[in-house]
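**Student:** model the structure of this input:
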Amino acid sequence: MKKTLNRLFNVKDRQKKYKVAPLPYPYPHKGFWIAAWFGSGHLPLSGTAGTVASLPFIWLIYTFLGVWTLAVFTLLSLVVGVWACRVVEDHTGAHDHKSVVIDEVFGMAMVICTFPLFGLGEAWHWLLAFVLFRFFDMVKPPPISWMDSKFEGPWGVMLDDGVAALFAIAVLWFMFG
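**Tutor:** Here you go, the predicted model:
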């Protein structure tokens with residue numbers, strides 16, 4: 001199957017031509033939809049776009065189903081994210097392809113899961129959580145940068161955003177805890 005997809009989409013030729021092979025469209029596998037969070041990973045500033053695109057889902061789950069359901073969603077996004085990252089990595093040969101944003105979904109959900117601990121929930125708290133998470137995800141202070149460079153494969157893609165979420169949670173704890 002993998003050889004057929006590679007021939008069909010000329011993956012090897014594109015990997016030589018581009019530093020990062022573009023994802024094929026239409027997607028040959030449902031893992032691409034999940035990894036790119038339903039296409040938001042193809043927008044400019046894909047990490048920020050993916051985080052913004054995750055917020056309605058996270059808000060709906062948090063508001064109508066509760067924090068425990070959001071915690072389950074967070075764990076599922078980690079597990080499914082690892083699988084989806086593997087699908088994209090196997091197809092493109094690129095570690096942490098720029099259109100993969102399921103890791104941002106996981107990280108943002110992780111931050112929002114802690115809101116009840118700090119008594120947060122107003123709109124400006126959501127904005128603050130978003131800004132903090134994106135800041136740490138983009139700047140990647142140690143140990144995030146270390147994890148990003150040392151852990152290869154889908155677990156590395158997902159875990160550096162988990163640590164960025166922990167940094168954002170630590171700031172929230174310092175401010176509101």
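
**Student:** what is the neighbour count of residue 56?
**Tutor:** 9 (other C-beta atoms under 10 Å). In short, each C-beta sits where N, CA and C put it, glycine included.

**Student:** residue nearest the centroid of this protein?
**Tutor:** The chain has residue 103 as the residue nearest its centroid, 1.7 Å off, counting by C-alpha atoms, centre = their mean.

**Student:** tell me, what's the model's pLDDT at that residue?
**Tutor:** Looking at residue 103, its pLDDT reads 97.

**Student:** do the same with residue 149
**Tutor:** On the pLDDT scale, residue 149 gets 80.

**Student:** just the CA atoms of stretch 157-174, as PDB, please.
**Tutor:** The C-alpha trace of stretch 157-174 is given here as PDB (Å, rounded to 0.1, in the frame of the first residue of the first chain):
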ATOM      1  CA  VAL A 157       6.000  15.900  17.700                       C
ATOM      2  CA  MET A 158       3.300  15.500  20.400                       C
ATOM      3  CA  LEU A 159       5.400  15.700  23.500                       C
ATOM      4  CA  ASP A 160       7.100  19.000  22.900                       C
ATOM      5  CA  ASP A 161       3.600  20.600  22.700                       C
ATOM      6  CA  GLY A 162       2.700  18.800  25.900                       C
ATOM      7  CA  VAL A 163       5.700  20.400  27.600                       C
ATOM      8  CA  ALA A 164       4.800  23.800  26.200                       C
ATOM      9  CA  ALA A 165       1.300  23.300  27.700                       C
ATOM     10  CA  LEU A 166       2.900  22.500  31.100                       C
ATOM     11  CA  PHE A 167       4.800  25.800  30.900                       C
ATOM     12  CA  ALA A 168       1.600  27.600  30.100                       C
ATOM     13  CA  ILE A 169      -0.100  25.800  33.000                       C
ATOM     14  CA  ALA A 170       2.800  26.800  35.300                       C
ATOM     15  CA  VAL A 171       2.300  30.500  34.400                       C
ATOM     16  CA  LEU A 172      -1.400  30.200  35.000                       C
ATOM     17  CA  TRP A 173      -0.700  28.500  38.400                       C
ATOM     18  CA  PHE A 174       1.700  31.400  39.300                       C
END
